[in-house]
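S.K.: Predicted model, plus sequence, below.
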Amino acid sequence: QVQLVESGGGLVQAGDSLSLSCVASGFTFTRLAMGWFRQTPGKEREFVANINWNGGKIYYADSVKDRFTISRDNAKNTAYLQMNSLKPEDTAVYYCAADTRLWYSGRFDLGEVDYWGQGTQVTVSS
């Protein structure tokens with residue numbers, strides 16, 4: 001059973017930066033593709049970014065490309081999301097996601113995520 005624990009959310013101003021972390025346990029981390037989604041009230045959870053097991057394949061939503069950077073440290077069983085130039089529209093609950101398909105290197109799909117973290121709130125004020 002995979003457990004994902006996010007941290008790093010908070011309240012920032014537009015233009016600021018914030019870094020999220022997601023620590024995984026209960027599974028061999030190098031077998032997991034990792035990603036991030038976000039959700040606002042009344043809307044479907046939306047894809048933000050994902051990274052394959054060795055960092056060789058990375059995907060971003062168009063809305064965050066060139067502002068957000070996803071990375072992972074396999075020695076620490078941790079995935080990261082560095083968010084720069086934050087905008088009020090980035091306000092959401094951010095969820096860490098894991099896909100256990102062996103060596104999966106494609107873009108994450110909401111319906112195919114195997115495990116979710118509990119979510120961390122990111123609020124960007126204007």
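M.R.: Perfect, I can see it now.
S.K.: When you work out contacts or count neighbours from here on, use the C-alpha atoms and nothing else.
M.R.: Will do.
S.K.: Now do stretch 92-112, average pLDDT.
M.R.: When the per-residue pLDDT values of stretch 92-112 are averaged, the result is 93.
S.K.: For residue 64, see how far away the nearest residue to residue 13 once chain neighbours are set aside is.
M.R.: Setting aside the residues directly before and after it, residue 13 is nearest to residue 125 in space (Cα to Cα, 6 or more residues apart in numbering), at 4.7 Å. Distance check for residue 125 against residue 64: by Cα to Cα, to the nearest Å, it reads 17 Å.
S.K.: The residue nearest to residue 13: what's it in contact with?
M.R.: With contact taken as Cα atoms under 8 Å, 6 or more residues apart in numbering, residue 125 is in contact with 11-14, 87-88.
S.K.: Same check on residue 46?
M.R.: Each residue near residue 46 by Cα under 8 Å, 6+ apart is listed here: 37-39, 110.
S.K.: can you do 6 Å?
M.R.: Going by Cα atoms under 6 Å, 6 or more residues apart in numbering, residue 46 touches 37-38.
S.K.: Report the beta-bridge partner residues of it.
M.R.: In this structure, residue 46 has the following beta-bridge partners (DSSP bridges): residue 38.
S.K.: And it, how close does it get to residue 39?
M.R.: As judged by Cα to Cα, residue 46 and residue 39 stand 6 Å apart.
S.K.: out of everything not next to it in sequence, what's closest to the most centrally placed residue in the chain?
M.R.: Nearest to the geometric centre of the chain sits residue 36, at 2.1 Å (Cα atoms, centre = their mean). Using Cα to Cα, 6+ apart and skipping residues adjacent in sequence, the residue nearest residue 36 is residue 96, 4.7 Å away.
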